[in-house]
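Asks: Compute the structure for the input listed below.
(chains A and B)
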Amino acid sequence: MPASMSLRWILVAATLALTFPAAGVRAAESLVVYTARNEQLVRPVFDAYTKATGVEIRYTTADAAVLIERLAAEGRNSPADVLMTVDAGELWNAARRGLLQPVQSATLDKNIPANLRDPEGRWFGLSVRARTIAYAPSRVDPKQLGTYAGLAGPEWKGRLCLRTSKKVYNQSLVATMIAALGEARTEQVVRGWVANLAAPVFANDTALLEAIAAGQCDVGIANTYYYGRLVKERPDFPVRLFWANQGAGGVHVNISGAGVVATSRRAEAATRFLEWLSAGEAQRHFAAVNFEFPANPSAAVDPLVKSWGPFEADPINVAEAGRLQADAVRLMDRAGYR
Amino acid sequence: MSPGGSRLAAALVVSLLALPALLPLATALGSWAAPTGAIWQHQLEHVLPRVTANTVLLLFAVATATAALGTALAWLVAGHDFPGRGFFAWALLLPLAMPGYVLAVVYAGALDYSGPLQTALRAAFGPGLDLPSIRSLGGAVLVLTLCLYPYVYMLARVAFETTGARTLEAAQSLGLGRGAAFRRLLLPLARPAIAAGVGLVAMETLADFGVVAALNVDTYTTAIYRAWYGLYSIGAALQMAGLLAALALAGLWIERRLRRGRDFAASRPGGGLLPRVRLRGVRAALATGAATAVLAVAFALPMAQLLAWAARSAATDLDARYWAFVGRSLALAGSGAAVVVGAALLLGYALRRDGRRWVHTLGRTATAGYAIPGTVLAVGLFAPIAAVNGWLQQAMDHWFGAAAPALFLHGTLLTMFVAYLARFLAVGSGPVESGLAGIHRHLDEASAILGVRGFARLRRVHFPLLRGSLLAAAVLVFVDLMKELPITLMTRPFGFETLAVRVFEMAAEGEWTRAALPSVMIVAAGIVPVVLLARRVTHVA
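Replies: A predicted model of the protein is given here:
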């Protein structure tokens, strides 16, 4: 009976078509990550996780502020399980708005130093970004250098380069300076910086480091991984790093980190993912791919990064950078730091 | 349809088309409930005076410069023959394919102190050289003018070519010289088109973040982002964006008031292309030289720099996925352009049919999205759509219980297209409206007498006359969508990457030389349609 034969085949095919994707979805566990850490830095690590555990990672990238508004707008309908940013302030802000949930994990508490994670366990640093002084060794004796505040001194008049105050890295630096020095003293320092500028502020750290190399200025403040990329490409790049504030509070550090989204229905799986990222090869790779420092002190450091030598980091909890960020922005507006 | 019924239909169409732009404006209005008094006090004291001055200067300078450059080039190409004219006619549109933020980065890299030009000059003339910095208001004016003049050039050229022939003939028969005819007749006739172009330029300049951020010029838009990203106040950011859109609408309204009664529809458009004067000797050389210079600084030289950068990263970054990025960018821009131009045509007809003032005001409002910075618009639109999604979900949960499927309206292409409409309807509307303005109502009456009405009139009478304007609108929207980033970034489905998204991924961590590869591909993928369509625009009836 050809007619019923073909009907049977159609039924089989339809059933297969309808159930196959459903079965597929059920078989493989998956997590959704909203990430401000960009694709080329996270994808290798995500792929490694899928390979190791079978858990598929779906992700979307955007600025952290946009992802946070997206989470807030989506509410409990959000598909997101993890929020990943490249700045502690954004994580602090997401937590403050109730978008992240506290996580109890002995593994994370053990692997990530206390000052690099939220005291309430809503987010954890995964790599450390140090912001320090860069200088031209041909024109600057490192003995002249000391602290960030020192760059406000008259001897640096017309010799300093800074990146725009619109970048969060400078906002968090000034925020932690407010915490250490107080608002009045910090404003004095920032005014001193502005008075010492050799050129209008730069749109990015790479351009700033290039300006030091070209002789437009002699010192500047930059994140070390930008320097790492330039040195990797041009080993004779004529700029050196100086660890700021040694014995005087330590180098300013920020984090790239993540937290579990408040509305996530897979919080346990998300926590396991963060635990995996905080240890071993994943932790090394997460930082090394961008010449950053691992957040876990026991993880191996990239050889190039290691060559810059050990340094004392500011032990302040990075959450303070978020709490004081708006104050820092207003202070920089007042001081004319654009 | 009865006149009343057709008016109702027209008003309904206008209302529907205005909805996408009204949503973010409503979000902005709603944001005034947020407690932002302290932020405003700070902004008024320390931020707004400076950024407002910068914004006004930038706006005025870019509008003036694009109007002058675009109109001059359009008249040169439409009214004259000189060596290379056929090439320049379409090539002068190429800067449209170059994203402004990319051009700004190329210029900053090439012309800054540490760039190759200044380094070479210092090597030749010593270190004492003190050249003006490209990272300045002047630099932003230069870059924005170079990437935005094609809006004016394209619309003005179509206007000169389509309305110019008979007018020129008539003027010359009355003894007017060619120059005088241009000044006294052709230019006023092309004014709606030029104004439409400059209007687009002005709105894009107001909303621009990429160019001014790369050149570190503080404008009202950068202040919006600073309030949001720096002060963590999306409320203040939305309020500021709403004010910006309101100001833009007021500006458009004033411009229209000033223009009222001074617009003319050529009573008999067409009549062949404008006859061109052959330039000879020095004048021909000057014409070719000027066009070459503009094309070089706005397109060829930046493109060469991008290619050099792209070559460095191509070995590591260029993989099979790039074909998918290109395909998605083209598909999005193509379908988006079709949707937007279709909507612009509908809007144009609805406004032609329904003359009531409130309908026209609503129609203007529908195009205000172009003056709202893209990211703010995306958030302003996303929030209400996500809220609707939430309500629908609640209703479904109520009816179906746990079996209810999870709704995800806001993460679909539908949301993306609604946002595109909100942002780019202005771009589609400009050319379509000036095209419709060129069709005299007498023509409608004449065709009505001949029994040609409704859709048949659209197809047989209007469409041949509008083809140039529609193509112009399609080209403009297409290239804008190829370059569009914030809306695509926020509303794309998971793993849906386009070329512009690639640029973002690289640029987000300051890896600008690696961003060159997707940038070059945006330009390359955008060129083919620009060239094809630009050439057809020349052959309008």
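Asks: Would you mind listing what in the stretch 1-150 of chain A touches chain B?
Replies: Selection of the stretch 1-150 of chain A residues close to chain B by Cβ under 8 Å from any Cβ of the partner chain yields A:32, A:36, A:38-41, A:58-63, A:65-66, A:69-70, A:73-77, A:79, A:86, A:93. (Glycine included, C-beta is placed from N, CA and C.)
Asks: Report the buried members of those residues.
Replies: Burial by neighbour count, 16 or more other Cβ atoms under 10 Å in any protein chain shown: within the residues of the stretch 1-150 of chain A next to chain B this picks out A:32, A:36, A:38-41, A:59-63, A:65-66, A:69-70, A:73-74, A:77, A:79, A:86, A:93.
Asks: What lies in contact with stretch B:75-95?
Replies: If you take Cβ atoms under 8 Å, 6 or more residues apart in numbering or on different chains as the criterion, stretch B:75-95 is touched by B:73, B:103, B:146-147, B:149-150, B:153-154, B:156-157, B:160-161, B:164, B:178, B:182, B:186, B:274, B:276-279, B:283-284, B:287-288, B:290-292, B:294-295, B:298-299, B:475, B:527, B:530-531, B:534-535, B:538.
Asks: Likewise for stretch B:377-390?
Replies: A:66, A:69-70, A:73-77, B:20, B:23-28, B:234, B:238, B:241, B:369, B:372, B:407-410, B:415, B:418-419, B:422-423, B:486-487, B:489-491.
Asks: in that stretch, what counts as buried?
Replies: Quick answer for stretch B:377-390 (16+ other Cβ under 10 Å): B:377-387, B:389-390.
Asks: burial count for residue 157?
Replies: All of this is about chain A. Burial measure for residue A:157: 12 neighbouring residues, criterion other Cβ atoms under 10 Å in any protein chain shown.
Asks: try chain B instead
Replies: By other Cβ under 10 Å, 32 other residues sit near residue B:157.
Asks: gap between it and residue B:463?
Replies: Per Cβ to Cβ, to the nearest Å, residue B:157 is found 20 Å from residue B:463.
Asks: go on, residue B:361?
Replies: Noted for residue B:361: a distance of 28 Å to residue B:463, by Cβ to Cβ.
Asks: what residues are up against residue A:200?
Replies: Residue A:200 makes contact with A:338, B:133, B:135, B:136, B:216, according to Cβ under 8 Å, 6+ apart.
Asks: I'd like to know which of the residues you listed are buried.
Replies: By 16+ other Cβ under 10 Å, these give A:338, B:133, B:135, B:216 as buried.
Asks: Next up, the contacts around the residue of the stretch 1-150 of chain A found nearest chain B.
Replies: Residue of the stretch 1-150 of chain A nearest chain B, by Cβ to the nearest Cβ: residue A:73 (3.9 Å). Contact analysis of residue A:73 by Cβ under 8 Å, 6+ apart lists B:379, B:382, B:383, B:386, B:387, B:410.
Asks: where does the nearest residue to it once chain neighbours are set aside fall, phi/psi-wise?
Replies: Spatial nearest neighbour of residue A:73, excluding adjacent residues (Cβ to Cβ, 6 or more residues apart in numbering or on different chains): residue B:386 at 3.9 Å. Torsion angles at residue B:386 (phi, psi; degrees, to the nearest 10) stand at phi -60, psi -30.
Asks: low-scoring pLDDT stretches of the stretch 201-350 of chain B, where are they?
Replies: B:260-273 (pLDDT under 70).
Asks: mind running it again at 50?
Replies: B:266-268 (pLDDT under 50).
Asks: So what touches stretch B:352-367?
Replies: The contact list for stretch B:352-367, computed with Cβ under 8 Å, 6+ apart, reads B:6-7, B:10-11, B:14-15, B:17-18, B:20-22, B:25, B:249, B:252-253, B:347, B:350-351, B:425-426, B:429, B:436.
Asks: Check which residues of it are buried.
Replies: Within stretch B:352-367, the residues that count as buried by 16+ other Cβ under 10 Å are B:353, B:354, B:359, B:360, B:362, B:363, B:364, B:365, B:366, B:367.
Asks: residue contacts, the nearest residue to the second one once chain neighbours are set aside?
Replies: Spatial nearest neighbour of residue B:354, chain neighbours left out: residue B:10 (3.8 Å); criterion: Cβ to Cβ, 6+ apart. For residue B:10, the contact set (Cβ under 8 Å, 6+ apart) comprises B:349, B:350, B:351, B:353, B:354, B:359.
Asks: in which helix or strand would I find residue A:241?
Replies: Using DSSP states H and E, residue A:241 sits in strand A:240-242.
Asks: could you say what helices and strands that strand packs with?
Replies: Contact partners of strand A:240-242 among helices and strands, from 3 or more Cβ pairs under 8 Å, 6 or more residues apart in numbering or on different chains; DSSP states H and E: strand A:124-135.
Asks: and the strand holding residue A:241, which strands flank it?
Replies: strand A:124-135 (antiparallel) (DSSP bridges).
Asks: Now do the strand it pairs with: distance to the chain's middle.
Replies: When distances are taken as Cα atoms, centre = their mean, to the nearest Å, strand A:124-135 is centred 9 Å away from the chain's centroid.
Asks: For the helix or strand just after that strand, give the mean pLDDT please.
Replies: Where DSSP H and E defines the elements, the next helix or strand beyond strand A:124-135 is strand A:160-161. Strand A:160-161 shows a mean pLDDT of 98.
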